[in-house]
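Novice: here is my input; please provide its structure:
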Amino acid sequence: MKISIIGLGLIGASLATCLKASNAEVTLIGYDQSEQATISALAKGTIDQAATTAEEAIADADMVILAVFVEAIKHILAEIGPMLKPGTIVLDVGSTKAQIVEAMNLLPDTVQAVGGHPMTGRLTQGVDTASANLFQGRIFALCPTRHTTVDTKNIITGFVESLGAQPLWLDAYKHDEYVAMVSHLSRLLPIAVITAADQKDDLIWKLAAGSFRETTRLASEPLGFWRDVFATNPAGIATTLRDVAAQLEHFAQLVEANDIDSIADHSQQAEQIWQRLYGASQRGEKNA
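Specialist: Residues are numbered from 1 along each chain as shown. Next up, the predicted model:
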């Protein structure tokens, strides 16, 4: 099987590393806009062949994996669509799905396509940080398109399972709304808190200590790929921002009413949810 991977950053290179480790019959062709990333991936044996263009990378490919920023994925889909051989399966690993699925729906009827999003990552990026274990035990969201047959769905499900990940099929719009809540808001809320604090006078900064620093730490980082996330998930992010704003207003009313018991109930419920989600892993780290 000939698989083309366009984008050799953390996710793309980790996919290649995992595929090389688990399937000797796969031939991997890699391409990255950074020539150095492509050269490095070839030198490390992460890929079998290096391409100098996206067009060259997809030539005669059985599967094409797009592992670049979301806006770039949309442009590449439009570029390579007419060049894909009949029967090719296209899979992306972008952070938002609705706009990508819409772009995939415009591909020729002779190809198959699935929107994907592995729920994993690291602070460090690049081919040098690739890991065959990056997807182990992780949810891999999958969104069907107009070009997703039952056979393709089965193939992609098996492909994701071969990475050690857990496939989760869902609608692209629901994906974007839910991921906005559990991921995208974490990047916006620290900015909102600092912006609100900055409306006060400079005295407030003399009072800012450790808890404020930790709450707002992500605001200190450049937006980077988050620009693409915000640009391609306007509906999901706007909806969840308003959901959280409604909760904040609810808590404001409880505080004004001195209804500490209700706040305590909310706190206990939140604690139970957090423990159900993360408590076991936290206990495992302490016992390690």
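Novice: can you list contacts of whichever strand or helix holds Ala72?
Specialist: Element membership for Ala72 (DSSP states H and E) is helix 70-80. With contact meaning Cβ atoms under 8 Å, 6 or more residues apart in numbering, helix 70-80 is reached by 6-7, 54-55, 58, 64, 66, 68, 90, 92, 94-96, 99-100, 103-104, 106-107, 228-229, 231-232. Quick note: C-beta positions are derived from backbone N, CA and C, even for glycine.
Novice: partner strands of whichever helix or strand comes after it, with direction?
Specialist: Beyond helix 70-80 on the C-terminal side, the first helix or strand identified by DSSP H and E is strand 89-92. Strands flanking strand 89-92 in the sheet, each with its direction: strand 63-66 (parallel), strand 112-118 (parallel) (DSSP bridges).
Novice: redo those strands as a markdown table? Include mean neighbour count, distance to Leu207 and mean pLDDT.
Specialist: Below are these laid out as a markdown table (neighbours: other Cβ atoms under 10 Å; distance: least, Cβ to Cβ, whole Å; pLDDT from 0 to 100):
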| stretch | mean neighbour count | distance to Leu207 | mean pLDDT |
| --- | --- | --- | --- |
| strand 63-66 | 25 | 47 | 98 |
| strand 112-118 | 25 | 40 | 97 |
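Novice: so can I have JSON lines of those showing distance to Lys2?
Specialist: Output for those, formatted as JSON lines (distance: least, Cβ to Cβ, whole Å):
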{"stretch": "strand 63-66", "distance to Lys2": "8"}
{"stretch": "strand 112-118", "distance to Lys2": "15"}
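Novice: and the contacts of helix 70-80, which of them are buried?
Specialist: Neighbour counting over these (16 or more other Cβ atoms under 10 Å) leaves 6-7, 54, 58, 64, 66, 68, 90, 92, 94-96, 99-100, 103-104, 107, 228-229, 232 as the buried ones.
Novice: sitting in helices, which of these do you find?
Specialist: 54, 58, 99-100, 103-104, 228-229, 232 (DSSP state H).
Novice: in the chain, which segments are predicted with low confidence?
Specialist: Filtered on pLDDT under 70, the chain yields the residue ranges 24, 121-130, 281-288.
Novice: find the centremost residue of it, please.
Specialist: For the chain, the residue lying nearest the average C-alpha position, counting by Cα atoms, centre = their mean, turns out to be Ser95 (3.4 Å).
Novice: let me know whether that residue touches Met119 as I believe.
Specialist: No: with contacts defined as Cβ atoms under 8 Å, Ser95 does not count as touching Met119, sitting 9.9 Å away.
Novice: remind me, longest helix of this protein?
Specialist: When the chain is scanned for its longest helix (criterion: DSSP H), the result is helix 234-256.
Novice: and the very next helix or strand once past that one, what does it pack onto?
Specialist: Beyond helix 234-256 on the C-terminal side, the first helix or strand identified by DSSP H and E is helix 260-274. Under the contact criterion of 3 or more Cβ pairs under 8 Å, 6 or more residues apart in numbering; DSSP states H and E, helix 260-274 touches helix 234-256.
Novice: ok, now with 6 Å
Specialist: Counting by 3 or more Cβ pairs under 6 Å, 6 or more residues apart in numbering; DSSP states H and E, no packing neighbours are recorded for helix 260-274 among the helices and strands.
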